[in-house]
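With the sequence up front, the predicted model follows.
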Amino acid sequence: MSAENECPEPKRPRRDVALMFDGQILHMPSALSARDLASLENYLESDMVQSSLQEAVLHDSAAAQYKSRRCDSAWLHLCHMPAARKLKHAIKRAQDEWEVLPRTKRGVLRCHYEDVQYTEYRGDRLAHFKQWHIDADDDGGDEEDKREITVVALLTEPGTDFEGGDFECMVPAYPDGIHHTLAWHKGDIIAFLAKRLWHRVLPTTAGIRKTLVLWAKPPFK
Ligand SMILES: O=C(O)CCC(=O)C(=O)O
Ligand SMILES: [Fe+2]
């Protein structure tokens with residue numbers, strides 16, 4: 001068959017990496033390829049991962065306001081997955097933008113990556129993280145409060161794989177800022193400053209919303 005007769009899958013128009021919402025979110029469209037997503041899907045559906053999903057734990061820092069959350073999470077190494085490399089690449093891209101983590105004299109990023117948080121927001125649980133929160137509190141003393149950069153990868157498609165589950169943010173800050181809803185797609189990655197961006201996830205009303213979150217913090221001495 002000649003190339004003209006082949007019928008490739010329709011591709012979404014390529015979108016560029018963009019700073020959004022007053023520069024508080026760095027949006028990286030299609031950062032995960034169809035192949036990355038397919039291998040992740042197999043792994044995330046395995047008994048090993050499914051049996052380690054647990055009701056997500058609340059962070060008790062007062063300012064971070066982790067008070068209202070209902071979803072299932074597992075902490076994963078993902079070291080063998082191409083997606084892990086892409087998440088770290090997104091952290092590096094965010095560091096280039098915001099310079100919040102140290103670098104070596106040669107300019108190489110020095111940081112500690114947490115394990116990856118995989119979360120399922122199930123429609124049948126009306127799962128959510130609807131409490132406005134930041135991921136780390138400047139004045140907090142918890143290990144989580146050392147987080148500087150958050151990256152989130154969306155693994156299922158809004159409106160197709162799940163309903164609801166909007167990612168919302170408020171800029172410049174909660175409670176008096178402007179309220180935005182992120183328009184993003186399966187395979188997109190966003191990055192933001194863990195101590196700065198006020199955000200939340202509205203209830204998923206059908207299907208399953210799935211995300212990976214990676215946090216980077218300064219290296220241990
Ligand atoms: O799943 C998301 O889109 C973000 C989740 C979140 O805000 C968090 O785990 O702190
Ligand atoms: Fe968060």
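Sure thing, it's come through. Ligands and ions are numbered 1, 2, ... in the order given.

What backbone torsions are found at residue 205?
In terms of degrees, to the nearest 10, the main-chain angles of residue 205 are phi -110, psi -10.

residues contacting the nearest residue to it once chain neighbours are set aside?
Excluding the flanking residues, the one nearest residue 205 by CB to CB, 6 or more residues apart in numbering is residue 164, at 3.9 Å. For every residue, glycine as well, the C-beta is placed using N, CA and C. For residue 164, the contacting residues are 123, 202-206, 209, by CB atoms under 8 Å, 6 or more residues apart in numbering.

Tell me where the chain has helices.
Ranges of helices in the chain, per DSSP state H, are 34-44, 47-50, 82-98.

With mean neighbour count and mean pLDDT as added columns, please give those helices in TSV.
Below are the helices of the chain laid out as TSV (neighbours: other CB atoms under 10 Å; pLDDT from 0 to 100):
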stretch	mean neighbour count	mean pLDDT
helix 34-44	15	95
helix 47-50	12	94
helix 82-98	18	96
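
Relative to residue 143, how far out is the most centrally placed residue in the chain?
For the chain, the residue nearest the mean C-alpha position is residue 152 (1.1 Å; CA atoms, centre = their mean). Distance, residue 152 to residue 143, by CB to CB, to the nearest Å: 20 Å.

can you check residue 194 too?
Distance from residue 194 to residue 143, by CB to CB: 12 Å.
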